[in-house]
Every structure is written in structure tokens, then in C-alpha cells.
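Quick one: sequence plus predicted model below, questions after.
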Amino acid sequence: MIVVFGSINLDMIFAMDGLPGAGQTLLARSLDLHPGGKGANQAVAAARDGAVVTMVGAVGQDGLSETALSGLRGAGVELSRVAVTDRPTGTAAVCTDAAGRNQIVVAGGANLRARADQVEDALLSPGTTLLLQMESDPGETAALILRARRLGARVILNLAPAAPLPLPVLKAVDILVVNEDEAAWLGAHLGCAGEAPSLYALLGGTVIRTLGGDGVEWSAVGGAGHQPAPAVAVRDTTGAGDCFVGVLAAELDRSRPLAAAIRRAAYAASLSCTRAGGQASLPAAAETDAALGGLAVA
């Protein structure tokens, strides 16, 4: 089982001819509402790849929550540990222009009310993979990581967006996933280089650094490696990082070797880049199987 502790958002996407400046009001060409949040995105990616997934988080008592939860429901994610709070559902307002530039504002809202004690000890057994990000309260995230480590669950942390956690908490993580910017930030924060080998030497757990079109590098107790990025016609990279993390967790939860899990996750993330949207772009397991087998995917 995979337990995801993280954010559940409603994404409001405004298509613009140009991005507004300070004090400027512009009319959008269109508005689309999509389920989002890094936690929810990763949970949906893992579930679509065939994993049994439980989502732990919080939404508000408002009309936004139904759309925010719709992708999780559609993917069959278990939602009994999602709390309903008196704060509004987390929301992201995204303005995009014709050149592909964007401006994004995120209000955490109810996500900051998610609590570590929503995950009972029995759910953190050695058979569980706990997946976390950094869009929830960092104190609750840290507490859950330490308890999961003590109880024997595998802990995967996607340090996104980059934010500080105590060094003992980072050392309690089994697998740390960061992109280039997050790795550089973390290296500067910890006083080491921002590449996977340096972070691994300091933290002691597996470190995976995603490199966009240059693939993925990792360092672990069994050695280091690099997975090239499959060549695809990129349409939209929104959600690709979350796709990678969710599929990685699903494959590791099936007890697959690290290199194989990274390879599958890289192929799934590349597939997601060929489609528009966040959760809407996440591939099903059969689609990733076909891509790995070199077959054409519609």
C-alpha cells in the first residue's frame, strides 16, 4: 500500500493573451478548473500505475472540494482519511499566455490543516510506502516522517517546493526526490554540492535528482546511475514531476529494483509531457507498459 500525505488543490487555469502587470486588469480567453495539488497528483499517478493508494490530507467545506477530489475518486484512491476543515480548499490560480509563460499564485488553505495523526500507526507497517511533499505544514510532515521511520514504513520525500526540514528528519528519509532547482537549494542549505552524490554522502539515504530533458541521476547504497529521458514531442510539462514520483513509488511498492523503478517513472513522466494538463495527462499502467516495450501509444 502507498499512503500519500499531502496537498489537494483546485487549479484555476486562466488562458491569457498576455500576463497582467501590477495594477492591470485583463480579460482571459478562457477558464478551466482542474483537480491538482502535488500530493493528489502523485496519488493519482501511483493509482493509475496500479498501486493501492490511500490519500491523507484536508479540504474545505466549500464548493471547490468536489472538483479538487474528483481526480482522486476517478483513480480509485481511498479517501476516508481526508479531513474536512473550516479553511477553504487549497487553490492555485494560474495565468498562462500565448508564449507559454505563466504566473502562479497558490493559497494552501485547508492543506495546512492536515495532521500527522490522521495516519494511524497500523498504517505505517513495513509493508507501507509513505509518500510526502512540502505543500503541507512542515512540522506535521516532519513528525510523520520520524514516526514512519520508527514503525518501519518506507519513506519517500519529494522536497517540492524546496523548504527546510531538520537534518535528522532528512536523514530519516529512505528516498529523497528533488529536481535541479530543489537540489541546488538543498545543497546550499546544507553546505554541500547540489548533485545526487553529494547529497547522498551527507544524508545517507537514496537521492534521486530529476534533470528534465537530461533524464535522472541517482545515488544509493548500491551505487549510482543515470537514466536518459525518452525522446518525445513535448506539449506540456505540467505534472511531469509528480507523475515521476507517483510511478516511482508504485514500482518500488511492488518491490521492483531502484533502477527499474526509475526507468518506468521516467517513461511515464515523458508520456505525460505529450499531453496537456496535470492529472489529465497522467498515463495508465498499460500505456507506460507499451512505451517501455517500444510500442506506439495513442
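Thanks, I have it.

from here on, contacts and neighbour counts on C-alpha atoms
OK.

What separation do you get for residue 97 and residue 272?
Going from residue 97 to residue 272 by C-alpha to C-alpha, to the nearest Å gives 21 Å.

Can you check the pLDDT for residue 237?
Residue 237 carries a pLDDT value of 67.

In terms of packing, which of residue 97 and residue 272 has more residues around it?
residue 272 (30 against 17; other C-alpha atoms under 10 Å).

Tally up the residues packed near residue 168, please.
Neighbours of residue 168 using other C-alpha under 10 Å come to 11.

can you check residue 220 too?
Residue 220, neighbours per other C-alpha under 10 Å, totals 19.

so how many other residues sit close to the closest residue to it other than its chain neighbours?
Nearest non-adjacent residue to residue 220, counting by C-alpha to C-alpha, 6 or more residues apart in numbering: residue 206, 4.4 Å away. By the criterion of other C-alpha under 10 Å, residue 206 has 25 neighbours.

which ones are touching residue 43?
By C-alpha atoms under 8 Å, 6 or more residues apart in numbering, residue 43 lies in contact with 4, 53, 54, 55, 72, 77, 246.

Using TSV, lay out the residues you listed together with secondary structure.
Formatted as TSV, the contacts of residue 43 follow (DSSP: H, G, I helix; E, B strand; the rest coil):
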residue	secondary structure
4	strand
53	strand
54	strand
55	strand
72	helix
77	coil
246	helix
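
element containing the residue nearest the centre of the chain, please.
With distances taken as C-alpha atoms, centre = their mean, residue 242 lies nearest the centre of the chain, 3.5 Å away. Using DSSP states H and E, residue 242 maps to helix 240-253.

can you check residue 177 too?
strand 175-179.

and the following helix or strand past that strand with strand 175-179, angle?
Remark: after strand 175-179, the chain's next helix or strand is helix 180-190, criterion DSSP H and E. Using axes from the mean of the first three to the mean of the last three C-alpha atoms, to 10 degrees, the direction of helix 180-190 lies 110 degrees away from that of strand 175-179.

Tell me which residues of helix 180-190 come out buried.
The neighbour-count check on helix 180-190 (16 or more other C-alpha atoms under 10 Å) flags 180, 181, 182, 183, 184, 185, 186, 187 as buried.

possible to save those residues as CSV with distance to residue 47 and pLDDT?
Below are these laid out as CSV (distance: C-alpha to C-alpha, whole Å; pLDDT from 0 to 100):
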residue, distance to residue 47, pLDDT
180, 26, 94
181, 27, 94
182, 26, 96
183, 27, 97
184, 30, 97
185, 30, 97
186, 29, 98
187, 32, 97
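
Which elements pack onto the strand holding residue 177?
strand 154-158, strand 206-210 (3 or more C-alpha pairs under 8 Å, 6 or more residues apart in numbering; DSSP states H and E).

next one: the helix holding residue 242 to chain centre, how far?
8 Å (C-alpha atoms, centre = their mean, to the nearest Å).

thinking again about what came up before, what's the angle between the strand holding residue 177 and strand 154-158?
Using the same axes, to 10 degrees: strand 175-179 against strand 154-158 is 10 degrees.

quick one: strand 175-179 to strand 206-210, angle?
Inter-element angle recorded for strand 175-179 and strand 206-210: 20 degrees (by the same axes, to 10 degrees).

pLDDT (mean, whole number) over strand 175-179?
For strand 175-179, mean pLDDT rounds to 97.

That strand pairs with which strands, parallel or anti?
strand 154-158 (parallel), strand 206-210 (parallel) (DSSP bridges).

Tell me which residues are up against the last one.
Under the contact criterion C-alpha under 8 Å, 6+ apart, strand 206-210 has outside partners 174-180, 183, 195-197, 199-200, 216-221.

Are any of those buried, and if so which?
174-180, 183, 195-197, 199-200, 216-220.

rewinding a little: ok now the strand holding residue 177, how far from the chain's centre?
The answer for strand 175-179 is 10 Å, by C-alpha atoms, centre = their mean.

Let's test this: mean pLDDT of stretch 39-46, rounded?
Averaged across stretch 39-46, pLDDT comes to 97.

just to revisit the earlier point, just the helices and strands packed on strand 175-179: most buried one?
Ranked by mean neighbour count, those are led by strand 206-210 with a mean of 27 (mean count of other C-alpha atoms under 10 Å).

and the helix or strand just after it, what does it pack onto?
As assigned by DSSP H and E, the chain's next helix or strand after strand 206-210 is strand 216-220. Contacts defined by 3+ C-alpha pairs under 8 Å, 6+ apart place strand 216-220 against helix 196-203, strand 206-210, strand 223-227.

try it again with 10 Å
Where contact means 3 or more C-alpha pairs under 10 Å, 6 or more residues apart in numbering; DSSP states H and E, strand 216-220 is packed against strand 175-179, helix 196-203, strand 206-210, strand 223-227, helix 258-272.
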